[in-house]
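Engineer: Pasting the sequence and the predicted coordinates here, then a few questions.
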Amino acid sequence: MNRKSWIVAVLLGVLVLGLASFASAQEPVVLKYMTWASGDAETWIREDFIEPFLAEHPNVTIEYEAVPFAEFWRKLMTMYAAGNAPDLMHMSVGYVYDYADRGLLLNLEPYVERDLDMDLFYPGPMKAARYPSMETGDLYAMPYAFVMTSLYYNKDMFDEAGLAYPTDDWTWDDVVAAAKVLTKDTTGDGNIDQWGFFFTPTYETIDPMIHAWGGKVLSDDLKTAMLDSDEAEAAVQFMVDMMWKHEIAPTPQIYTGLGNLFETGRAAMTISGIYNLDLYRKIDTFDWDVAIHPGGPVKKVVRLWPDSIAISSTTKHPDVAWEYVKHMASYGKIDRYSGQRKVPLYRPLAESDAWLEKDKSPDKSVYVRSMEYGHPMDFRPNWGEWSAAREAELERAFLGEIPVREALRNANEVVQAVLDDF
């Protein structure tokens, strides 16, 4: 074979391989996709995420199923057991560690390192999807939006009392000082009608307080419960004192069954999540605003947690599934599912005028500024079980039934039992 014939043969070979690769890339692919979103949310995900992706990938079909959250995890495990797990699934921050630990999720770190510019994404929320360590582990789910806790306050009540509005550097001592002024018996009947502060003792409030006082819920190796500590006692006692000593926040006996007292105009301040933004924007009886979560004596901590999407470790189409995950994480438009009430993980969108809505209240840049203090904290392992048990034990202290340290010891025991069982 002369040189010219050899070159022609090589070029033909390259062309054939290229056509074969192109044909392979265009082979029909069916992806099963399961979510717990229902109602309008199911439609929004389909129309805002899935259909645009399919328009760019005509060889892909997505079989999309929405299962109510209460049934989602049972059905998902049944599908895994039957060898019929979905290729794509929405993944809760409370389950990603457990599913990764069982080998059920695909390690996304190689794909992320290859395809994504991490400077375009907020790193804090991603910690919740890393395994085994939040700080150094690999990503086993890809966050695409996240929520956080902040201090919401009634501007009208502050104005009436002549108080300055909360600022980014407020501490919990500042909250108590303002709440003492804002707590009022407006009718003179001996009962408080306007509370200075309202909260319910859940993971949204308890965990950031413990961390802000220098404590922990779990040890760094996730094997030991750390609630029986002086730091945790000081933090929870501070919360209990707001109810029983200072009488600036209603006790569970008072607020149970009354709904969100901030929303109804009966409390001047509350800790709430950005997920309530749409709800609060419907309030037409008073003006309100948002400040960064108050700081404690050791540090300021903002609890944040993401919505994520994961790929099954058993998928036959990991590359195509990743293309969808990448599409969802890098979506440059405001989708209706996350909308304005969740912060996009994609920084160019979160910091855009479209998402910040500078012509509306509140000033949403507070959520972006909060990222400096944001951390997912203790959503692992088997969080769904031990968190609920922990709250049940601590509730007795907030009810005034037992001392705080005793409640913490009881909570520590139930959390430790779950960790040992895991």
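Structural biologist: Cool, got the structure. Numbers count the residues shown, from 1 in each chain.
Engineer: quick one, what contacts the closest residue to residue 398 other than its chain neighbours?
Structural biologist: Once flanking residues are discounted, residue 398 sits nearest to residue 201: 5.0 Å by Cβ to Cβ, 6 or more residues apart in numbering. The way it works is simple: take the backbone N, C-alpha and C, and place the C-beta from them, glycine included. Contacts for residue 201 (Cβ atoms under 8 Å, 6 or more residues apart in numbering) come out as 239, 252, 391, 394-395, 398.
Engineer: which of those residues lies closest to residue 160?
Structural biologist: residue 239 (26.2 Å; Cβ to Cβ).
Engineer: If you drop the residues flanking it in sequence, what lies closest to residue 278?
Structural biologist: residue 341 (5.1 Å).
Engineer: three-state assignment of the one you found?
Structural biologist: Of the three states, residue 341 takes coil under DSSP: H, G, I helix; E, B strand; the rest coil.
Engineer: That one: how many residues sit nearby?
Structural biologist: Applying other Cβ atoms under 10 Å, we find 17 residues neighbouring residue 341.
Engineer: Also residue 321?
Structural biologist: 27.
Engineer: is it true that it touches residue 85?
Structural biologist: No. With contact defined as Cβ atoms under 8 Å, residue 321 does not reach residue 85; the gap is 11.7 Å.
Engineer: Which neighbours do those two have in common?
Structural biologist: In contact with both residue 321 and residue 85: residue 315, using Cβ under 8 Å, 6+ apart.
Engineer: is it possible to export the contacts of residue 201 to a markdown table including neighbour count, distance to residue 226 and pLDDT?
Structural biologist: As requested, the contacts of residue 201 are exported to a markdown table (neighbours: other Cβ atoms under 10 Å; distance: Cβ to Cβ, whole Å; pLDDT from 0 to 100):
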| residue | neighbour count | distance to residue 226 | pLDDT |
| --- | --- | --- | --- |
| 239 | 21 | 17 | 98 |
| 252 | 14 | 25 | 97 |
| 391 | 16 | 16 | 97 |
| 394 | 24 | 14 | 98 |
| 395 | 16 | 19 | 97 |
| 398 | 24 | 20 | 98 |
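Engineer: Identify those among those that sit within helices.
Structural biologist: Assignment to helices by DSSP state H places the following of the contacts of residue 201 there: 239, 252, 391, 394-395, 398.
Engineer: In terms of distance to residue 292, which of these ranks first?
Structural biologist: residue 239 (18.7 Å).
Engineer: Run through the residues that contact the closest one.
Structural biologist: Residues counted as contacts of residue 239 (Cβ under 8 Å, 6+ apart) are 199, 201, 205-206, 209, 398.
Engineer: Tell me where the stretch 201-350 of the chain has strands.
Structural biologist: 269-273, 288-291, 302-311, 343-344 (DSSP state E, counting those that start in this stretch).
Engineer: for the ones you listed, which one sits closest to residue 36?
Structural biologist: That would be strand 302-311 among these, by Cβ to Cβ, at 10.4 Å.
Engineer: who does the closest one pair up with?
Structural biologist: strand 88-91 (antiparallel), strand 142-154 (antiparallel), strand 374-375 (parallel) (DSSP bridges).
Engineer: Go through those strands and name the closest to residue 311.
Structural biologist: strand 88-91 (6.2 Å).
Engineer: Who does the most centrally placed residue in the chain form a beta bridge with?
Structural biologist: The centroid of the chain falls nearest to residue 305 when counting by Cα atoms, centre = their mean (2.1 Å). Beta-bridge pairing for residue 305 (DSSP bridges): residue 147.
Engineer: what does the one 5 residues further on give?
Structural biologist: Using DSSP bridges, the bridge partners assigned to residue 310 are residue 89.
Engineer: Contact partners for residue 207?
Structural biologist: Taking Cβ under 8 Å, 6+ apart, one finds 217, 303, 377-378 in contact with residue 207.
Engineer: Which pair in those has the greatest spatial separation?
Structural biologist: Using Cβ to Cβ, the two most remote members of these are 217 and 303, lying 11.3 Å apart.
Engineer: Going by how many neighbours each has, rank those two and give me the top one.
Structural biologist: Counted by other Cβ under 10 Å, residue 217 and residue 303 do not tie: residue 303 has more neighbours, with 27 against 24.
Engineer: ok, the residue nearest to residue 52 when sequence neighbours are not counted - how many residues close by?
Structural biologist: Computed as Cβ to Cβ, 6+ apart, the closest residue to residue 52 that is not its neighbour in sequence is residue 327, at 7.7 Å. Look at residue 327: counted by other Cβ under 10 Å, it has 16 neighbours.
Engineer: quick one, what contacts residue 327?
Structural biologist: Residue 327 touches 49, 52-53, 56, counting by Cβ under 8 Å, 6+ apart.
Engineer: cool, and residue 142?
Structural biologist: 108, 112, 129, 308-310, 325-326, 328-329.
Engineer: what's the closest of the residues you listed to residue 152?
Structural biologist: Nearest member of those to residue 152, counting by Cβ to Cβ, is residue 308, at 25.7 Å.
Engineer: Alright, I will stop here.
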